[in-house]
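A.B. asks: my questions are about this predicted structure, shown below with the sequence.
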Amino acid sequence: MEDEDREFEHSPLSGSFSQDGETVDVEIYRYAGTQDPWQLVVIDLSSGGCIAWANTFATDQEAYEAFAAMVEADGMASFADTVPPIKH
């Protein structure tokens, strides 16, 4: 089965997160029906930009903790400065 045909399982830890007047969508997911590592993507709802972590996580909790650590260290502004993907 090709990757684009596969379905994703989203963690219950996924969802909107707001702080300091900024809201982002936290997406934690993996291929459905697998024990694959979890992926983490944070989408800035105001700009449409996103940050995808290059590394994967053994658990969805570890992925959420990586997001929370970035918010703690850099604040929500670190997501607001992302550039939206270019559409061709």
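C.D. replies: The structure has been received and is ready for your questions.
A.B. asks: helices of the chain, start to end?
C.D. replies: Applying DSSP state H to the chain gives helices spanning 60-74, 77-80.
A.B. asks: quick one, which of those helices is nearest to Gly33?
C.D. replies: Taking C-beta to C-beta, helix 60-74 is the member of the helices of the chain nearest to Gly33, at 15.3 Å. Bear in mind the C-beta positions are built from the backbone N, C-alpha and C, glycine included.
A.B. asks: what comes up buried for the closest one?
C.D. replies: In terms of neighbour count (16 or more other C-beta atoms under 10 Å), helix 60-74 has its buried residues at Asp60, Ala63, Tyr64, Ala66, Phe67, Met70, Val71.
A.B. asks: where's it relative to the chain centroid, distance-wise?
C.D. replies: Distance of helix 60-74 from its chain centroid, counting by C-alpha atoms, centre = their mean, to the nearest Å, is 10 Å.
A.B. asks: what lies in contact with it?
C.D. replies: With contact meaning C-beta atoms under 8 Å, 6 or more residues apart in numbering, helix 60-74 is reached by 11-13, 17, 19, 26, 28, 38-40, 42, 53, 57, 78.
A.B. asks: Asp5: which of the residues you listed is nearest?
C.D. replies: Gln39 (17.2 Å).
A.B. asks: so how far is Leu13 from the closest one?
C.D. replies: For Gln39, the distance to Leu13 equals 13 Å [C-beta to C-beta, to the nearest Å].
A.B. asks: next: Thr56.
C.D. replies: From Thr56 over to Leu13 the distance is 15 Å, taken as C-beta to C-beta.
A.B. asks: could you list the single helix or strand in this protein with the lowest mean pLDDT?
C.D. replies: helix 77-80 (a mean of 76; mean pLDDT, DSSP states H and E).
A.B. asks: please enumerate the strands of the chain.
C.D. replies: 8-10, 15-19, 22-31, 39-44, 50-52 (DSSP state E).
A.B. asks: CSV please, covering those strands and showing mean neighbour count and mean pLDDT.
C.D. replies: Formatted as CSV, those follow (neighbours: other C-beta atoms under 10 Å; pLDDT from 0 to 100):
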stretch, mean neighbour count, mean pLDDT
strand 8-10, 13, 96
strand 15-19, 12, 94
strand 22-31, 19, 95
strand 39-44, 21, 94
strand 50-52, 14, 91
